[in-house]
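Colleague: Need coordinates for the below:
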Amino acid sequence: MKYFKKIPGERIYLSPLSLEDVEKCTNWLNDRAVTEGLGDSHMVINIANEKEWIENALKKGEYQFSIVCNDNNEAIG
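Modeller: So this is what the prediction gives:
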């Protein structure tokens, strides 16, 4: 996945969210430790649902970002 440094920082940067991250996002959203404080830990998300959510956000022009490490260009959030 190619990320774009839309908002750069010292250790991380924000890049526009891509459909290529759908599997990673689905994994995070099904991790109770990740969603506990968000109020979403009761939800079960599958790849098709997450893909549809990302597609709809992109169509609407909503701002959705991946948090990416500068060191290895890997999405971490």
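Colleague: And for the nearest residue to residue 47 once chain neighbours are set aside, the neighbour number?
Modeller: In space, residue 47 comes closest to residue 26 once its chain neighbours are excluded; the distance is 5.0 Å by C-beta to C-beta, 6 or more residues apart in numbering. The way it works is simple: take the backbone N, C-alpha and C, and place the C-beta from them, glycine included. For residue 26, the neighbour count with other C-beta atoms under 10 Å is 19.
Colleague: same question, residue 6
Modeller: 13.
Colleague: how close does the residue nearest to residue 47 get to residue 71?
Modeller: Look at residue 26 and residue 71: by C-beta to C-beta, to the nearest Å, they are 24 Å apart.
Colleague: do the same with residue 2
Modeller: 16 Å.
Colleague: The residue nearest to residue 47 is in contact with residue 48, isn't it?
Modeller: No. Using C-beta atoms under 8 Å, residue 26 makes no contact with residue 48, being 9.2 Å away.
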